[in-house]
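S.K.: curious how this folds, go ahead:
(one chain, ligands or ions: 2)
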Amino acid sequence: MGKISLPETASGYYEIRLESIGGLGANLCGKMLGELGIKYLDLNSTSFSSYGSEKTGTPVKGFIRYCKKEKEIRIHSPIIKPDLLVVFHQALLKDGSAWTGCHENTEVIIALDGGQGNFEGKIPVKVKNCYVVNAQKIAMETHSRINVVMLGAIAKVMGFTDLEDVNKICADTLGKKYPDALKGNLEGIRRGYEEVRSLSVESNVAEGKTNGEEQPDKRSSSSEWGYATAPIGGINPRFGSTVTADLSPSRQGYIPIFIKERCINCGMCDSTCPDMVFQFAMGEYKGREMMVNKGLDYYHCKGCLRCVDVCPVNALVQGLEAEHPDKEYFLPNQEMVRMPDYYIKTGSDGYVTSESYLTEKRMEGGEV
Ligand code: SF4
Ligand code: SF4
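M.R.: Ligands and ions are numbered 1, 2, ... in the order given. Modelled structure (predicted):
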């Protein structure tokens, strides 16, 4: 049983918001946190998630509320002003909306991408403390998943539970479902707990920004279509929506690396890739004019690595994205991209629908 008391907050609730993308396990992490409160911390708690289609790469938010046992939880709305904000993937911080509602008493935990040792972004709002944990690397090394590493980090930062209780909730939940994976998951929790570390908040606050001048809500300021301007019938008039979608936030640390010298231009990768990543065009191979593989449009690659599996000559290999900031054969789709701003974010921060919000010009210098 946790013996440390819940921090006092103005609302009487301790509120946690998880910002994540489908596939990282935030939903389950939220459920475990909710059960942890009731079963082992002697608190009242609720937990629910919000997500769209249950698909890797779509935005997921988790909401957990704790309060003392004497108090009833009467509100069941999403958490707007979190006491603890947990960001499961750095890509979520690209447009600022993940910071919504943070205040001077908010603590923030950010999962670093695989291979990355430092947080290189800036914190655009004043928060109490900011922590980072190399969640992806730990998950890979322990054969666990990002959600359990984050669970360990959350337990440490919350400060009112101990590792033993978190291990128990993991054993109750994951241990029953996947007993063979329990050892790795407990190790992931332990390392998340021990390796989460504090950032110097002051040095990372973007110059001139305070909470009094928070970023405008992009959902309203940059929405292209509202009730007055949406196409008649609410149809999506854009051709093949994956062609204009930026799927890079869906990746979980891995990308296919193209080794052109090995390629025999068999086209297997192109037939296999679900997202039209490969760019074939007329060229020369062994003195013959034919369609050759010119490169990959990484805007569309969601990192499933099916192409790596099918390539018969290892011309595509798995690589850590963090180790390849400059992708040698990155070639945006030459046929379909007529205007740079056709690209639309539909990954982690596509927010409500992929088409309505957050159009971003990413072709010219945009980070992918
Ligand atoms: S599957 Fe491999 S060898 Fe075949 S075209 Fe693709 S990269 Fe080249
Ligand atoms: S990993 Fe390969 S198959 Fe999967 S989306 Fe990227 S290019 Fe296509």
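
S.K.: what does this structure put close to ligand 2?
M.R.: For the chain, the contact set with ligand 2 under CB under 6 Å from any ligand atom comprises 256, 272-273, 275, 277, 296, 301-307. (Each C-beta comes from the backbone N, C-alpha and C, glycine too.)

S.K.: which of those residues lies closest to Leu151?
M.R.: Set against Leu151, the nearest of the residues of the chain next to ligand 2 by CB to CB is Gly303 (23.3 Å).

S.K.: narrow the residues of the chain next to ligand 2 to those that are buried.
M.R.: By neighbour count, with 16 or more other CB atoms under 10 Å, these hold 256, 273, 275, 277, 296, 301-305, 307 as buried.

S.K.: turn the residues you listed into a markdown table, including distance to ligand 1 and secondary structure.
M.R.: Listed next are those as a markdown table, based on distance: CB to the nearest ligand atom, whole Å; DSSP: H, G, I helix; E, B strand; the rest coil:
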| residue | distance to ligand 1 | secondary structure |
| --- | --- | --- |
| Pro256 | 9 | strand |
| Cys273 | 9 | coil |
| Asp275 | 14 | coil |
| Val277 | 10 | coil |
| Leu296 | 9 | strand |
| Cys301 | 13 | coil |
| Lys302 | 17 | coil |
| Gly303 | 16 | coil |
| Cys304 | 15 | coil |
| Leu305 | 13 | coil |
| Cys307 | 7 | helix |
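
S.K.: returning to what we had before: from the residues of the chain next to ligand 2, which is closest to Val127?
M.R.: Nearest to Val127 among the residues of the chain next to ligand 2 is Gly303, at 29.9 Å by CB to CB.

S.K.: returning to what we had before: in JSON lines: the buried ones among the residues of the chain next to ligand 2, plus distance to Asn27 and pLDDT.
M.R.: Shown next, in JSON lines, are those (distance: CB to CB, whole Å; pLDDT from 0 to 100):
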{"residue": "Pro256", "distance to Asn27": "28", "pLDDT": "96"}
{"residue": "Cys273", "distance to Asn27": "28", "pLDDT": "91"}
{"residue": "Asp275", "distance to Asn27": "24", "pLDDT": "78"}
{"residue": "Val277", "distance to Asn27": "28", "pLDDT": "90"}
{"residue": "Leu296", "distance to Asn27": "31", "pLDDT": "95"}
{"residue": "Cys301", "distance to Asn27": "24", "pLDDT": "87"}
{"residue": "Lys302", "distance to Asn27": "19", "pLDDT": "80"}
{"residue": "Gly303", "distance to Asn27": "20", "pLDDT": "85"}
{"residue": "Cys304", "distance to Asn27": "20", "pLDDT": "87"}
{"residue": "Leu305", "distance to Asn27": "23", "pLDDT": "91"}
{"residue": "Cys307", "distance to Asn27": "28", "pLDDT": "96"}
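
S.K.: could you export those as a markdown table, including distance to Leu316?
M.R.: Output for those, formatted as a markdown table (distance: CB to CB, whole Å):
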| residue | distance to Leu316 |
| --- | --- |
| Pro256 | 5 |
| Cys273 | 10 |
| Asp275 | 14 |
| Val277 | 10 |
| Leu296 | 9 |
| Cys301 | 11 |
| Lys302 | 15 |
| Gly303 | 12 |
| Cys304 | 12 |
| Leu305 | 8 |
| Cys307 | 5 |
